[in-house]
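Asks: Whatever this is, show me its structure:
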Amino acid sequence: KTDMEKMNEALADFSDEDRQSALKQHFCPVSGEMLGTMGAPEKVDVNGQNVWICCDGCKDKLLADPDKYLSNLNK
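Replies: As a prediction, the model looks like this:
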C-alpha cells in the first residue's frame, strides 16, 4: 500500500472534522512521517492548538519543546 492509502485507512474511523484536520496537517511535526503510516495518528492539545502526531512516542517530545516542533508545521 502507498503511504496515502495507509493514511486514508488510518483516518477512516475519525470524525469528518478530525479527518480533515489530520489530512490538512499531513505529517507528524516530530518524526516527519506521514500521518497514518504508523497506525492511527493521535491528536494532542498544545497551547490550545490541535496537533496531530504519528504515534504516542512523539507526544513527550512535542510537549517538552512545542515551539521547536510546531515550527515544523509552518515550513
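Asks: make it CA atoms for all contacts and neighbour counts henceforth
Replies: Will do.
Asks: Burial check on F14, number of neighbours?
Replies: By other Cα atoms under 10 Å, 13 other residues sit near F14.
Asks: Helix or strand: which one has it?
Replies: Per DSSP states H and E, F14 falls between elements, in no helix or strand.
Asks: How about the one 3 residues further on?
Replies: Using DSSP H and E, E17 falls within helix 16-25.
Asks: if I pick the residue nearest the centre of the chain, what's in contact with it?
Replies: With distances taken as Cα atoms, centre = their mean, the residue of the chain nearest its centroid is W52 (2.6 Å). W52 makes contact with A22, Q25, F27, C28, P29, L35, P41, E42, K43, V44 under the criterion Cα atoms under 8 Å, 6 or more residues apart in numbering.
Asks: 7 Å instead, please
Replies: By Cα atoms under 7 Å, 6 or more residues apart in numbering, the contact set of W52 is A22, C28, P41, E42, K43, V44.
Asks: and it, what are its bridge partners?
Replies: K43 (DSSP bridges).
Asks: How much space separates it from E5?
Replies: Distance of W52 to E5, given as Cα to Cα, to the nearest Å: 18 Å.
Asks: and what of S71?
Replies: Taken as Cα to Cα, the span from S71 to E5 is 27 Å.
Asks: now K61
Replies: Distance, K61 to E5, by Cα to Cα: 27 Å.
Asks: what do you get for L11?
Replies: 10 Å.
Asks: Show me which of these two is the more surrounded one.
Replies: Taking other Cα under 10 Å, L11 and E5 do not tie; L11 has more neighbours (21 against 12).
Asks: my guess is the more buried one contacts D18, does it?
Replies: No - counting by Cα atoms under 7 Å, L11 sits too far from D18 to count as a contact (8.3 Å).
Asks: Overlap of the contact sets of these two?
Replies: Joint contacts of L11 and D18 (Cα under 7 Å, 6+ apart) do not exist.
Asks: No more questions from me, cheers.
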